[in-house]
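Student: Please work out how this folds:
(one chain, ligands or ions: 3)
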Amino acid sequence: MARAPIDLSVYLVTDTVLCGEFGAAATARAAAAAGATAVQLRDPHASDDEMVALGRAVIAALEGSGVPVLVNDRVHLVHAIGAQGAHIGQSDLGVDEARAILGEDSYLGLSVQTVDHVHAARHHGESIDYLGIGPIWSQGTKPDAAAPSGIDTLERVLSVSPWPCVAIGGIDARRTATVRATGAAGVAVVSAICGQPDVAAATGSIRAAWDGVRV
Ligand SMILES: Cc1ncc(COP(=O)(O)OP(=O)(O)O)c(N)n1
Ligand SMILES: Cc1nc(C(=O)O)sc1CCOP(=O)(O)O
Ligand SMILES: [Mg+2]
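Tutor: Ligands and ions are numbered 1, 2, ... in the order given. Here you go, the predicted model:
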């Protein structure tokens, strides 16, 4: 069964530590109400049990919003959480294994850093729903990320990718318009939303920048 296209335009990636006392679930709810269109549950430090509890809380917080939740790395927890898909990278389990766990109805995103990564993934075809490409700019959220690749690499990946691409790394409202101008499908954002004093306002400014609205 074909999956409906996923709206990646403002893609929140949660960070439990950055979200602080406000929490990932409240952050997801406020962000969705302010225009986030997808949420990725990302917590490299959580145990599987903690991830399931957090994921279920995020799903409950988003009830009725229509915003899909994707689980970072832990593809085996997607169904237990009740999430809509998963996101994996070059060092995680492979696309075939992930798709076998997910079945045909769940979304799957893959991180790439280079054009060669896109060519290497091409044979997976419809097993993949979208690519994440980054880090585009310098960022402080993912210590083991590659060096910033710059907007040129994003443009090169976009020129060869058969899948929609979302940019990640150092993206805030100001840079969102730059990403949109490349033809990317969206911006994936952690610290410009998580832990911000007003999550809804922070998300709204990214939403407005993506929509080309002057604020
Ligand atoms: C939307 C999006 N793009 C890229 C990544 C990074 O994935 P990965 O390289 O697997 O690194 P981790 O996030 O797992 O540390 C992402 N999570 N989301
Ligand atoms: C989770 C993640 N993945 C990256 C990649 O390049 O694949 S960069 C990153 C963190 C991005 O955080 P921020 O929005 O705070 O800059
Ligand atoms: Mg990963």
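Student: quick one: contacts for the residue in the chain positioned nearest to ligand 3?
Tutor: Using CB to the ion, the closest approach of the chain to ligand 3 is made by Gly89 at 3.5 Å. All C-beta atoms are positioned from the backbone trio N, CA, C, and that covers glycine. Each residue near Gly89 by CB atoms under 8 Å, 6 or more residues apart in numbering is listed here: 73, 110-111, 132.
Student: ok, these vs ligand 1, which is closest?
Tutor: Gly132 (2.1 Å; CB to the nearest ligand atom).
Student: What residues does the closest one make contact with?
Tutor: 87, 89, 109-112, 165-168, 188.
Student: Out of the residues you listed, which is nearest to ligand 1?
Tutor: The closest of the contacts of Gly132, once distances to ligand 1 are taken by CB to the nearest ligand atom, is Gly89, at 2.0 Å.
Student: For the longest strand seen in the chain, which strands pair with it and how are they oriented?
Tutor: Taking DSSP state E as the criterion, the chain has its longest strand at strand 107-112. With DSSP bridges as the test, strand 107-112 is paired with strand 85-88 (parallel), strand 130-133 (parallel).
Student: Those strands: which one's closest to ligand 2?
Tutor: If we rank the strands paired with strand 107-112 by CB to the nearest ligand atom, the stretch that ends up nearest is strand 130-133, at 5.9 Å.
Student: quick one: the closest one near ligand 3?
Tutor: No. On the criterion CB under 5 Å from the ion, strand 130-133 is out of touch with ligand 3, staying 9.4 Å away.
Student: That strand and ligand 1, any residue contact?
Tutor: Yes. For strand 130-133 and ligand 1, the contact criterion (CB under 6 Å from any ligand atom) is met by Gly132.
Student: C-terminal to that strand, what's the next element?
Tutor: helix 151-160 (DSSP states H and E).
Student: how about that following helix: buried residues?
Tutor: For helix 151-160, burial by neighbour count (16 or more other CB atoms under 10 Å) applies to 151, 153-154, 156-158.
Student: Would you format the strands paired with strand 107-112 as CSV with mean pLDDT included?
Tutor: Formatted as CSV, the strands paired with strand 107-112 follow (pLDDT from 0 to 100):
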stretch, mean pLDDT
strand 85-88, 98
strand 130-133, 98
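Student: Which helix or which strand is home to Val118?
Tutor: helix 115-121.
Student: Tell me the gap between that helix and the middle of its chain.
Tutor: 19 Å (CA atoms, centre = their mean, to the nearest Å).
Student: Give me the packing partners of it, helices and strands only.
Tutor: Packing partners of helix 115-121 (3 or more CB pairs under 8 Å, 6 or more residues apart in numbering; DSSP states H and E): strand 107-112, helix 151-160.
Student: wait, which of the ones you listed is closest to ligand 2?
Tutor: strand 107-112 (4.8 Å).
Student: Compute the inter-axis angle for that closest one and helix 151-160.
Tutor: Computed by axes from the mean of the first three to the mean of the last three CA atoms, to 10 degrees, the angle separating strand 107-112 from helix 151-160 equals 130 degrees.
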